[in-house]
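# model this:
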Amino acid sequence: MLSLYIHYGNSLGIGLGNSMGYGMGFFYDPTYILILIAAVIAMIAQARVTSVFTKYSKIMSRTGMTGAMAAKKLLNSQGIYDVSILRAPGKLTDHYDPGNKTLNLSEIVYDSSSVASIGVAAHECGHAIQHATGYVPLTVRTAIVPAANFGSKLSWAFIILGLILSFNQTLIYIGIFMFSIAVLFQLVTLPVELNASKRALHLLSENGILYENEVDQTKKVLTAAALTYVAAAAASVLQLVRLIILFGGRNRD
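The predicted structure follows:
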């Protein structure tokens, strides 16, 4: 999935450490610097991808192919004929669903012939090709999705419950472990997304869908989008480090 927007949820929104004190003073938590760093990284990545996509969504490809047309040609060039290309509601909600083999393109990508839209469509084709060829990182990511979703939703519940129950370290450790699974998902996502973009750029040129200078423009879009995954991974890692600093190995005074 090529996401142009970053969602951190609790990784930027909950500061459990400040209410505990830990001998550092009430409402004082030096680990907030990690949250600040994550926020800065997120803002830079978001600003960059928004700017680049907006710029190249105004440049139409000379072939005149839409994102949907380009996707069909790319998939067929790799001998993939069993993937359905669908129009998905929402803005930049593009994703490949390996469960039912559907390539879901948002309206701005499905119907547009801009180099940005074709690049996004090609990126999703990259995921379909990964699935068809048994790309190992994608297989691993797909396998840990249920655990990552479960962990991201319940990790904070266990940590908070551990704090309420007289600083129960067992519950807190379980929460941190569950959060670490979500972090692992973010890290595994990086090579999957980067590889999908690499495949996309190669195939766009190889199949004559974009001219050389247009491929270069599309590369800028996909590179900017990749920064959002780097930012998401960095934010998750920083939050995990913060949790370990605040709660890992500490006993209630």
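
# Show the residue spans covered by the strands in the stretch 51-200 of the chain.
Using DSSP state E, counting those that start in this stretch, the strands of the stretch 51-200 of the chain run over 84-88, 95-97, 102-106.

# Any chance of CSV for these, columns distance to Gly126, mean pLDDT and mean neighbour count?
Where C-beta positions appear, they are placed from N, C-alpha and C, glycine not excepted. Rendered in CSV, the data for the strands of the stretch 51-200 of the chain read as follows (distance: least, C-beta to C-beta, whole Å; pLDDT from 0 to 100; neighbours: other C-beta atoms under 10 Å):
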stretch, distance to Gly126, mean pLDDT, mean neighbour count
strand 84-88, 14, 96, 15
strand 95-97, 8, 94, 19
strand 102-106, 11, 96, 22
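
# Include distance to Thr170 when you put these into JSON lines, please.
Listed next are the strands of the stretch 51-200 of the chain as JSON lines, based on distance: least, C-beta to C-beta, whole Å:
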{"stretch": "strand 84-88", "distance to Thr170": "43"}
{"stretch": "strand 95-97", "distance to Thr170": "37"}
{"stretch": "strand 102-106", "distance to Thr170": "42"}
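
# Identify whichever of those strands lies nearest to Ala226.
Closest of the strands of the stretch 51-200 of the chain to Ala226 is strand 95-97, at 15.6 Å (criterion: C-beta to C-beta).

# can you list contacts of that closest one?
Contacts with strand 95-97, where a contact means C-beta atoms under 8 Å, 6 or more residues apart in numbering, come from 1-2, 83, 88, 102-104, 124-125, 127-128, 131.

# what about 10 Å?
Residues outside strand 95-97 that contact it (C-beta atoms under 10 Å, 6 or more residues apart in numbering) are 1-3, 71, 83-84, 86, 88, 102-106, 123-131, 138, 196.

# try stretch 50-57
For stretch 50-57, the surrounding residues in contact (C-beta under 10 Å, 6+ apart) are 4-5, 92, 108-109, 112, 114-120, 214, 217-218, 220-225, 227.

# what do you get for stretch 72-82?
63, 65-66, 83, 85, 101, 103, 118, 121-122, 124-126, 128-129, 131-133, 199-200, 203-204, 206-209.

# Buried only: go through those residues for me.
In those, burial by neighbour count holds for 63, 65-66, 83, 85, 103, 118, 121-122, 124-126, 128-129, 131-132, 199-200, 203-204, 209, counting by 16 or more other C-beta atoms under 10 Å.

# Those residues in helices, which ones?
Counting by DSSP state H, these place 118, 121-122, 124-126, 128-129, 131-132, 199-200, 203-204 in helices.

# Out of the residues you listed, which is nearest to Ser180?
Among these, His131 lies closest to Ser180 (C-beta to C-beta), at 26.3 Å.
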